[in-house]
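>>> model this:
(2 chains)
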Number of protein chains: 2
Amino acid sequence: MPVKTIAWENNSLVILDQTLLPTEERYAVLETVEDVHRAILRLEVRGAPAIGAAAALGLYVAVQHGAFPTYDSLKNALRQAADFLASSRPTAVNLTWALERMTEVAEGMPGAEPEAVKRALLDEALAIMAEDREACRAIGRHGQGLLADGSRILTHCNAGGLATVDYGTALGVVYAALEAGKKIRVYADETRPLLQGARLTAWELQKSGVPVTLICDGMAAAVMARGLVDCVITGADRIAANGDTANKIGTYGLAVLAREHGLPFYVAAPLSSFDLGQPSGDKIPIEERDPDEVRLFRGVRTAPPGVDVFNPAFDLTPHRYVTAFVTERGIIRPPFAETLKGLSDR
Amino acid sequence: MPVKTIAWENNSLVILDQTLLPTEERYAVLETVEDVHRAILRLEVRGAPAIGAAAALGLYVAVQHGAFPTYDSLKNALRQAADFLASSRPTAVNLTWALERMTEVAEGMPGAEPEAVKRALLDEALAIMAEDREACRAIGRHGQGLLADGSRILTHCNAGGLATVDYGTALGVVYAALEAGKKIRVYADETRPLLQGARLTAWELQKSGVPVTLICDGMAAAVMARGLVDCVITGADRIAANGDTANKIGTYGLAVLAREHGLPFYVAAPLSSFDLGQPSGDKIPIEERDPDEVRLFRGVRTAPPGVDVFNPAFDLTPHRYVTAFVTERGIIRPPFAETLKGLSDR
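Residues are numbered from 1 along each chain as shown, chains lettered A, B, ... in the order given. Here you go, the predicted model:
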């Protein structure tokens, strides 16, 4: 995956602004915590693991240039910034997971020199990024074992290098299979309303030379009925202790269709996307976004002005539709209430 | 339904150019058979019953102003025009049905005065239009009996007044329920790639004062899981003798999801959409359209240039997912191989 999604360069947080893809490949420096909040809210950086990494670095950015006379003043500033960043998007658990890891680092150094705490915070954020890179490669290694040579994979939204620090989760499995010498084709749902499949997944795969066929979301059932795909692999924004999975709107319908057509439905996600404190998916908050995401595309009207719109950004796939989770610790199969126990690194 | 979709006015075929909705309400006069062919191909007029009516009038337009010395010269011109119009779109059977009805009128008057044949052709085309109006109202009357007061209906694409001469099939049921004093809400799938749900159904219902909520196609499963809809009603482009139904891409997935959620899945269509000569859906031709329908929206790029696209315009819903057909002759329930027998008016 040759694209740099998030980087720490010249003491600055740099992200690829994904709202401009596929027409423009532009990097943005996020100089303040407000910049980071806005970039997450506006989906300039998106994808659960990438949001986690951006938030971790964002928390460091929040205090990087501040003059803090005492440990406590730094800790207060951090708490405020963490609450602010946590409010940017509700569904991906990686956001609060990363912020909690960062906050715990500071809280583990009571009374320390503010500059020493800052250095530890940067180290932790960079560690979160490095771990994400490694987790994606491990997910790829484990997941590619599920794929026969010649497999055709349906995916939804973007769970690729653009959704992580690099490499990807669902697409990490694809990249690893290709690296293992297997022939692979990807069918990519365009993923309305924001077209992350068309704008990001198709672009990322095309750039990497991976054969990809773009379809509209409503075509997935026909693609399955015609026998054009062998399995479905998606990412996840939050997975409950029983395996219920929140992911991009449209995932649940795909999971139902996969079962109807006898196709495996795999969810590829790092441990940081599991929220084992949630016994089931019922309480996972589902973000609803601006109706104009559905009524307009880049300023072009797609529907009558003012028409009522329901625009949930995520849906919930009950665990019974999930064939297996692909994690950095391996493949996890049902019964998930048993097999997920003790998995979290929290 | 206050919109005029197709009309015969001042000796001319007038259509509402649906490619411009919802931003512009512009009527076009189709002066030649080439105009009619292009209007059908470009979806300026679309929806199976509307295509049938436009083709019938289009066949008259093809010979309207011609000077034919003999019956045979007129008949040859008609045959040529009918073949040309039939080539515009392959899936909706109403197109060939209407052209055959028109051709049979001419063939039933061997040796007649060309002007007399022309008059009979216009009468037949106007009869087809009048019958469609009546059929839609009868579909509405029968179908509304299926809906309880307060029903929330999910529909796909546009099977409304804009898909017929007026009033509609699936939306005809909605209009009839409202006329019967029932409270109704419609959830409309936007229906990618050409957004007939967003551009046409939402516009038509909004204009008629019917409560409508627009969703993206991938949201239908979540809407069902949340208990927001009571049934699904769609139109059809072609129905085989066993009940297999070709309709707008995305319909099949909806039918699977409806069954998974225990919701009735109704198909509302006039007899002219049934093709009882086809024992099953396997041989129904499924149109594939320009990949740029998926890659661009009104000139705005939605995907990387040149990315491979699969763009079938229709899919096939196997009869086992259909709860009932709503026709002008009443509600037809399984086993369809029995109950559809002898239904056709052909």
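>>> Let me know the pLDDT of A:Cys231.
Predicted confidence (pLDDT) for A:Cys231: 98.
>>> Tell me, how many residues neighbour it?
For A:Cys231, the tally of surrounding residues (other Cβ atoms under 10 Å in any protein chain shown) stands at 19. (C-beta placed from N, C-alpha, C; glycine too.)
>>> One more: A:Cys136?
By other Cβ under 10 Å, the residues close to A:Cys136 number 30.
>>> Same question for the one 3 residues further on.
Here the number of neighbours of A:Ile139 (other Cβ under 10 Å) works out to 30.
>>> phi, psi of it?
A:Ile139 has phi and psi values of phi -60, psi -40 when expressed as degrees, to the nearest 10.
>>> ok, now how distant is it from A:Leu276?
18 Å (Cβ to Cβ, to the nearest Å).
>>> Repeat that for A:Val326.
A:Val326 sits at a distance of 17 Å from A:Leu276 (criterion: Cβ to Cβ).
>>> Between these two, point out the one with more neighbours.
With neighbours defined as other Cβ under 10 Å, A:Val326 and A:Leu276 compare such that A:Val326 has more, 28 against 17.
>>> show me what contacts the closest residue to A:Val309 other than its chain neighbours?
In space, and not counting its chain neighbours, A:Val309 is closest to A:Pro291: 3.6 Å by Cβ to Cβ, 6 or more residues apart in numbering or on different chains. For A:Pro291, the contact set (Cβ atoms under 8 Å, 6 or more residues apart in numbering or on different chains) comprises A:Asp308, A:Val309, A:Asn311.
>>> Please apply the same query to A:Ile51.
A:Ile51 touches A:Ile40, A:Val45, A:Arg89, A:Ala92, A:Asn94, A:Leu95, A:Ala98, counting by Cβ under 8 Å, 6+ apart.
>>> Out of the residues you listed, the closest to B:Lys182 would be?
Proximity of those to B:Lys182 was ranked by Cβ to Cβ; the top entry is A:Arg89 with 39.9 Å.
>>> what's the distance between that closest one and A:Asn158?
Taking Cβ to Cβ as the criterion, A:Arg89 is separated from A:Asn158 by 15 Å.
>>> Neighbour count for those two, which is higher?
Counting neighbours by other Cβ under 10 Å for A:Arg89 and for A:Asn158 shows that A:Asn158 has the greater number, 33 against 22.
>>> Quick check: the more buried one touching A:Glu204?
Yes. Using Cβ atoms under 8 Å, A:Asn158 and A:Glu204 qualify as a contacting pair, with a distance of 7.0 Å.
>>> Output the set of residues of the stretch 151-300 of chain A in proximity to chain B.
Residues of the stretch 151-300 of chain A lying close to chain B (Cβ under 8 Å from any Cβ of the partner chain) are A:156, A:187, A:189-193, A:195, A:198-199, A:202-203, A:206, A:211-223, A:225, A:228, A:249-250, A:252-253, A:256-257, A:260, A:294-295, A:297-298, A:300.
>>> Need the buried ones from these selected in PyMOL.
A single PyMOL command is used to select the members of those judged buried by 16 or more other Cβ atoms under 10 Å in any protein chain shown:
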select buried, chain A and resi 156+187+189+190+191+192+193+195+198+199+202+203+206+212+213+214+215+216+217+218+219+220+221+222+223+225+228+249+250+252+253+256+257+260+294+295+297
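>>> Now, the residues of the stretch 151-300 of chain A next to chain B that are in strands?
Using DSSP state E, the members of those that fall within strands are A:Tyr187, A:Asp189, A:Val212, A:Thr213, A:Leu214, A:Ile215, A:Phe297, A:Val300.
>>> Specify which member of those is nearest to A:Pro49.
Distances from those to A:Pro49 were compared by Cβ to Cβ; the smallest belongs to A:Asp189, at 19.8 Å.
>>> on that earlier part again, got the ones in strands among the residues of the stretch 151-300 of chain A next to chain B as CSV, with pLDDT columns?
Rendered in CSV, the data for these read as follows (pLDDT from 0 to 100):
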residue, pLDDT
A:Tyr187, 98
A:Asp189, 98
A:Val212, 98
A:Thr213, 98
A:Leu214, 98
A:Ile215, 98
A:Phe297, 91
A:Val300, 92
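>>> For the residue nearest to A:Leu205 when sequence neighbours are not counted, give the beta-bridge partners.
If you skip the residues right next to it in sequence, A:Leu205 has A:Val212 as its closest partner in space, 4.0 Å away by Cβ to Cβ, 6+ apart. Here A:Val212 sits in beta bridges with A:Val186, going by DSSP bridges.
>>> tell me the contacts of A:Val212?
Applying Cβ under 8 Å, 6+ apart as the definition, the contact partners of A:Val212 turn out to be A:Arg185, A:Val186, A:Tyr187, A:Ala188, A:Thr201, A:Ala202, A:Leu205, A:Gln206, B:Val307, B:Asp308.
>>> now do A:Gly281
Contact partners of A:Gly281, counting by Cβ under 8 Å, 6+ apart, are A:Ala240, A:Asn242, A:Asp244, A:Thr245, A:Ala246, A:Leu316, A:Thr317, A:Pro318, A:His319.
>>> So which of those residues wins on neighbours?
With neighbours defined as other Cβ under 10 Å, the most crowded of the contacts of A:Gly281 is A:Thr245; it has 32 neighbours.
>>> where along the stretch 201-346 of chain A do the helices fall?
Secondary structure of the stretch 201-346 of chain A by DSSP state H, counting those that start in this stretch: the helices cover A:202-207, A:220-225, A:251-260, A:292-295, A:336-339.
>>> Please name the bridge partners of A:Val326.
With DSSP bridges applied, the residues forming beta bridges to A:Val326 are A:Ala268, A:Ile331.
>>> was I right about it contacting A:His142?
Yes. Counting by Cβ under 8 Å, a contact exists between A:Val326 and A:His142, whose distance comes to 5.7 Å.
>>> Great, nothing more from me.
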